[in-house]
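*Asks:* turn this into a model:
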Amino acid sequence: MQNIQTNGCDIRGLQSKFAFHPPQASYALKRATSREGENTLEVVDEELRPAPSPLVTLRMRYVRTSRSQEIAVFHFIHEAAELTLLWSHGNAMDCGEILVSLQDLSLRLGVSVVVYDYAGYGASSGRPSEASTYADIEAVHGYLNGDGGVPDEKLVVVGQSVGSGPSLWLVERHRGVRGLWLQSGLLSGLRVLAPDPICSLGGFCGPPCAFGLCDIFPNLRRVRRVHCPVLIMHGTHDDVIHPSHSAELHRLCPARYRTDPYYAQGAGHNDVAECNVGAYFARIESFLRSL
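*Replies:* Got it, this is the predicted structure:
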């Protein structure tokens, strides 16, 4: 994606500084050479390693993107899984913080799960940007279709918060994926700044219009072009991304691919699952069965 210069100002650079907030890495990876001479990866901080499971195996590796970055990938392989979830996580977190919960999700749902860190997050190289997230998820998708052994018809793409951006980008381009699950998703980057639903969805004085060149992740356009069933989930008390974003994404989704949305009563941005664990997993299980 070409950088836009306005009076000497790098708009794409400003976007990245504004939108992405990589935390201090919560884990590290190191390369080790197996007896077969192949490179493998090991988690250095054992406290972040999920407990061994007889049903789920964790594979860790790097994949190289079209922007020459190395992206850390964690692949939970469930021995009985028919579907694989490709998980794009939210902002201000990295994979190390969610490995245990994603292994639990894999065990509860009987699915395999792949999660990765964006460029500049965790153990991934480079610097984050909108364009980088697209290259990141495309590289992980290529790994799944190749060495990962997961064709698109067995793949469900999951976008959490800012991860809804690269997830919708991928689904728009790869029409054979099995399903799309958006949790605490956004309409677009700048629309997060406009909490008033009227202004957020098209007011002429709002940030999306006034600073349109700086907007990123135009999900409100991309969701119109999906070709797979869509599950939308959001907390009713989310003060980071207003739940009206998910309501509008659901409205804009093609009617034939809409499924019943799930709004977690009383949940904020990061506790959609924890607010009512039973109802949360019941809705996801129902969605996956429908596929």
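*Asks:* give me the beta-bridge partners of His78?
*Replies:* Val56 (DSSP bridges).
*Asks:* how many neighbours does it have?
*Replies:* Neighbourhood size, His78 [other C-beta atoms under 10 Å]: 20. Yep, even glycine has a C-beta here, placed from its N, CA and C like the rest.
*Asks:* residues in contact with it?
*Replies:* The contact partners of His78, taken as C-beta atoms under 8 Å, 6 or more residues apart in numbering, are 55-56, 106-107, 110-113.
*Asks:* and which of these is nearest Tyr134?
*Replies:* Val113 (20.9 Å; C-beta to C-beta).
*Asks:* I figured the closest one hits Val100, correct?
*Replies:* No: using C-beta atoms under 8 Å, Val113 is not in contact with Val100; the gap is 11.9 Å.
*Asks:* what about those two, which has more around it?
*Replies:* Val113 (28 against 14).
*Asks:* in what helix or strand does that one lie?
*Replies:* strand 112-116 (DSSP states H and E).
*Asks:* helix or strand next in line after that strand, which one?
*Replies:* helix 130-145.
*Asks:* touching that next one from outside, list them.
*Replies:* With C-beta under 8 Å, 6+ apart, helix 130-145 has contacts from 1, 12, 15-16, 19, 61, 63-67, 69, 71, 73, 84, 86, 88, 114, 116, 118-120, 124, 126, 150-152, 155, 165-167, 169-170, 174, 189, 216-217.
*Asks:* out of those residues, which are buried?
*Replies:* Buried members of the contacts of helix 130-145, counted by 16 or more other C-beta atoms under 10 Å: 12, 15-16, 19, 61, 63, 65, 67, 69, 71, 73, 84, 86, 88, 114, 116, 118-120, 124, 126, 150, 152, 155, 165-167, 169-170, 174, 189, 216-217.
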